[in-house]
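Student: Prediction below, plus the sequence it came from.
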Amino acid sequence: MYMSIWCHNLNLSSRSLAIALVVCVTLVYFSYSFNACLFASITRTLQQSNLRNLLTLQQQQRNETDKSNSTPSPSPTETAAGSGIGAASSVPLFSVSILNATSAGLGHGMPSIDGAPKYQMLRQQGLRPSRHLPDTLIIGVKKSGTRALLEFIRLHPDVRAAGSEVHFFDRHYQRGLRWYRHHMPYTIEGQITMEKTPSYFVTKEVPQRVYHMNTATKLLIVVRDPVTRAISDYTQAASKKADMKRFEQLAFVNGSYSVVDTNWGPVKIGVYARYLERWLLYFPLSQLLFISGERLIMDPAYEIGRVQDFLGLKRVVTEKHFYFNATKGFPCLFKSEARSTPHCLGKTKGRNHPHIDVNAIERLREFYRPFNNKFYQLTGINFAWP
């Protein structure tokens, strides 16, 4: 009798233990599931917060660019020349850099802007975008095709450029490198940061300042026939000033073609050799790439190919990206970062030049010839200007 009672109690204890074990396992499972869901929710919230912050930063950067573009000021060279020539047209801030950065680890589930294997790897690693001082500068020359060069090379997914001419090394140097970095675009690992300010080439203090920032900086210089460049410079100024004197009156002293006015900005800038010698005091020729402004118009794919090679980039930008607009006489883009439809660079590009006295043009060619030859010797390139 006592034995049967003991066995009955033992069965009850075993069943209770089994029930208790099942309850414990169930509680552990639900606790784990709850914590996992909570963690996932927190992670998604943080990612969305980071995305909103990045988009807010981009909007602030666009607003700053718009504000700076709305109040342009003349460059030191232009002011000294007194020619009334305004600053070159600014470049619109790129529109997909933050989206690229987001798809690189901050926006899981969002469509990728670039599906290349390298970018997929960067996204998997969760790398965050950041601002860096420029690796490459387009330093000049004004009215030679610097805007076209920047727009064309920005088609490359590994190039990110500042939205407008920052003028750090010639106007805002006292603000410091931290200020300069803030005006650079966000990039991820493997991308090149670029900035364009054409007045850098002719400003005396700039070569040393760039050298102090980074001795390995790569420099892009677009040059064209200095006579054509001077006329283009004048044409831009005349479009903004209705009562401007004729080109011939400004380019020569006392109305005679015998003496060229070398103090007039459009003429002075064309003496390329004088400015190049300053840059060569700080940078070897191997860190400078000279782009023909004439060839950039006639065969943009060729010149952009040279630029991509110089920067160590894969040749992504090719003939398929361009078409020639016969009306403007200028290459246009099938698409760009800012627009996905075919378009040209703007109404100021390919502007018709005024008629200039043939004798004045010939005298200017004669004036520039020795300086051009010196420039050919320094660069090792014969641009064959008339």
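Tutor: Received, thanks.
Student: all strands of the stretch 101-250 of the chain, in order?
Tutor: Taking DSSP state E, counting those that start in this stretch as the criterion, the stretch 101-250 of the chain contains strands spanning 130-131, 136-140, 159-161, 186-187, 192-196, 218-223.
Student: So which residues make contact with the second one?
Tutor: Going back to what we said before, that points to strand 136-140. With contacts defined as C-beta atoms under 8 Å, 6 or more residues apart in numbering, strand 136-140 is touched by 146, 149-150, 192-202, 206, 210, 217-223, 275, 279, 311. Just so you know, the C-beta spots here come from the backbone N, C-alpha and C atoms, and that holds for glycine as well.
Student: Low-confidence ranges, the chain, go.
Tutor: Within the chain, the segments meeting pLDDT under 70 span 1-14, 24, 28-126, 336-339, 346-351.
Student: and the residue nearest to Gly145 when sequence neighbours are not counted, what is it in contact with?
Tutor: By the measure of C-beta to C-beta, 6 or more residues apart in numbering, the closest residue to Gly145 outside its immediate chain neighbours is Gly293, 4.1 Å from it. By C-beta under 8 Å, 6+ apart, Gly293 lies in contact with 144-145, 222-225, 229.
Student: ok, so of the residues you listed, who is nearest Asp135?
Tutor: When these are compared for distance to Asp135 (C-beta to C-beta), Val222 comes out closest, at 18.1 Å.
Student: Now for that closest one: which residues touch it?
Tutor: Counted by C-beta under 8 Å, 6+ apart, Val222 has contacts 138, 140-141, 144-146, 149, 290-293, 296.
Student: run the last query once more with 6 Å
Tutor: By C-beta atoms under 6 Å, 6 or more residues apart in numbering, the contact set of Val222 is 144-146, 149, 291, 293.
Student: what pairs with it across the strands?
Tutor: Legend: beta-bridge partners of Val222 under DSSP bridges are Ile291.
Student: Which members of the contacts of Gly293 are positioned in helices?
Tutor: Arg229 (DSSP state H).
Student: Include distance to Gln174 when you put the contacts of Gly293 into CSV, please.
Tutor: Listed next are the contacts of Gly293 as CSV, based on distance: C-beta to C-beta, whole Å:
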residue, distance to Gln174
Ser144, 28
Gly145, 31
Val222, 28
Val223, 30
Arg224, 33
Asp225, 36
Arg229, 31
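Student: No further questions, thank you.
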